[in-house]
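Student: Would you be able to build a 3D model of this:
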Amino acid sequence: MNFAITIGKHDITSRVWVAPMSGVTDLPFRRLLHRLGAGLVVSEMIASENLASGNIESMQRAAGSGEITPLVVQLAGRETQWMAKGAQMAVQAGADIVDINMGCPARKVTKGLSGSALMKTPDHALDLIKATVDAVDVPVTLKMRLGWDDDMLNAPEIAERAEAAGVKAIVVHGRTRCQFYKGNADWAAVKATKNAVNIPVVVNGDIHMPDDVTSALTQSGCDGVMVGRGLVGRPWNIAALQAAASGVARPKPVPVETQLEIIFSHYDDIIGFYPDGQGYRMARKHLAGYIENAPLGLSGVEIGRARGAVCTLKDPDAVKRALEQLYTNSARQAA
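Tutor: Down below sits the predicted model:
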């Protein structure tokens with residue numbers, strides 16, 4: 001099935017996009033998911049003021065030019081001048097698309113009146129959007145929630161105004177800010193935003209497995225899905241999710257040998273990307289995910305033991321041997 005979501009000059013042929021996740025969607029993980037066939041793969045959220053000032057860590061988060069196409073850098077902020085300058089710096093760093101964060105529910109973000117807090121002040125949010133759009137020649141997209149709370153479900157209104165301001169695509173997480181990640185994402189509620197605009201709308205929240213993709217697309221009427229935590233520890237799941245989104249037969253399960261090849265490649269990339277041994281610390285979250293998704297489901301106690309044994313190792317060969325043993329033994333038991 002031929003399908004593309006068009007954003008500016010970019011035709012995105014995969015309906016499965018990857019959500020920005022702090023401490024997770026760094027360059028090694030984005031490189032991996034891009035290689036495995038994901039559509040848009042969005043950077044970790046970057047404070048616009050930090051990026052505008054040339055902060056090294058922020059520039060590192062924006063990396064990927066020449067390796068990921070299109071390169072999407074997500075910015076968060078409260079001041080129009082910093083959003084504009086941050087967007088310009090993102091483009092200088094190679095961004096093909098700039099994404100605006102109006103969905104992060106974290107208190108450390110919303111207390112600074114950024115992220116989803118902007119949904120409480122739509123007029124100011126639109127000022128930020130316009131400043132960002134006017135500052136760069138690349139497409140600008142927007143990620144938000146249904147609203148601040150159940151009394152302020154204003155995503156459709158903001159989406160309509162954002163489209164008029166020049167935003168080229170919108171992602172909506174099917175929860176309010178006040179829900180954080182509690183309860184279930186309301187995919188059907190995203191349909192009001194889809195119906196309010198003519199630009200592509202993508203649904204996000206609680207999408208882990210192929211059946212979730214089918215249900216989310218059906219209920220929301222959206223053009224694609226954005227997946228986050230469902231890919232941590234099982235990035236190879238992209239193929240099955242994409243098949244569900246495209247309405248084609250699901251692929252065969254990924255062999256354990258192939259899973260291990262992907263894990264080892266990802267781990268090596270993490271260790272090589274970060275300087276001064278930082279890679280061992282940065283790899284822990286992904287190693288924990290791979291342990292939790294071993295072929296044969298482990299009990300909570302077993303997962304805890306394996307995490308404690310593997311995530312503290314600093315010898316890459318020892319890490320690989322431990323994971324290989326875990327995956328191979330799990331596969332044998334599951335056979």
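
Student: Packing partners of the helix or strand where residue 279 lies?
Tutor: Applying DSSP states H and E as the criterion places residue 279 in helix 278-292. Contact here means 3 or more C-beta pairs under 8 Å, 6 or more residues apart in numbering; DSSP states H and E; on that basis helix 278-292 packs against helix 256-273, helix 300-310, helix 316-334. Placement of C-beta: from N, CA and C, glycine included.

Student: change it to 7 Å
Tutor: Of the remaining helices and strands, those touching helix 278-292 by 3 or more C-beta pairs under 7 Å, 6 or more residues apart in numbering; DSSP states H and E are helix 256-273, helix 300-310.

Student: and that helix, which residues are buried?
Tutor: 279, 280, 282, 283, 285, 286, 287, 288, 289, 290, 291, 292 (16 or more other C-beta atoms under 10 Å).

Student: among the residues you listed, which two are most distant?
Tutor: Of all pairs drawn from the buried residues of helix 278-292, the greatest distance, 20.4 Å, lies between 279 and 292 (C-beta to C-beta).

Student: hmm, back to that, just the C-alphas of the helix holding residue 279, formatted as CSV.
Tutor: Taking Å, rounded to 0.1, in the frame of the first residue of the first chain, the C-alpha atoms of helix 278-292 are listed here in CSV:
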residue,chain,number,x,y,z
GLN,A,278,29.2,8.2,30.1
GLY,A,279,27.9,5.5,27.7
TYR,A,280,27.8,2.9,30.4
ARG,A,281,25.4,5.0,32.4
MET,A,282,23.3,6.0,29.4
ALA,A,283,23.0,2.4,28.3
ARG,A,284,21.3,1.3,31.5
LYS,A,285,17.8,2.3,30.6
HIS,A,286,18.0,0.4,27.3
LEU,A,287,19.7,-2.6,28.8
ALA,A,288,16.9,-2.8,31.4
GLY,A,289,14.4,-2.6,28.5
TYR,A,290,16.1,-5.5,26.7
ILE,A,291,16.1,-7.6,29.8
GLU,A,292,12.4,-7.0,30.4
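
Student: From the chain's centroid, how far away is it?
Tutor: On the basis of C-alpha atoms, centre = their mean, to the nearest Å, the separation between the geometric centre of helix 278-292 and that of its chain is 17 Å.

Student: Residues in contact with that helix: which ones?
Tutor: Contacts made with helix 278-292 from outside it, assessed by C-beta atoms under 7 Å, 6 or more residues apart in numbering, are listed as 23-24, 26, 232-233, 263, 266-267, 270-271, 273-274, 303, 306-307, 310-311, 314, 323, 326.

Student: From those, keep the buried residues only.
Tutor: Here, 16+ other C-beta under 10 Å leaves 24, 26, 232-233, 263, 266-267, 270-271, 273-274, 303, 306-307, 310-311, 323, 326 buried among the contacts of helix 278-292.

Student: So for stretch 6-19, mean pLDDT?
Tutor: For stretch 6-19, mean pLDDT is 95.

Student: Now do the buried residues in that stretch.
Tutor: Along stretch 6-19, the positions that meet the burial threshold by neighbour count (16+ other C-beta under 10 Å) are 7, 10, 12, 14, 15, 16, 17, 18, 19.

Student: Then stretch 72-83?
Tutor: Taking 16+ other C-beta under 10 Å as the neighbour-count basis, stretch 72-83 is seen to contain the buried residues 72, 73, 74, 75, 76, 77, 78, 79, 80, 82, 83.

Student: Would you map out the domains in this structure?
Tutor: As assigned by automatic domain parsing, the chain contains the domains 5-246, 256-334.
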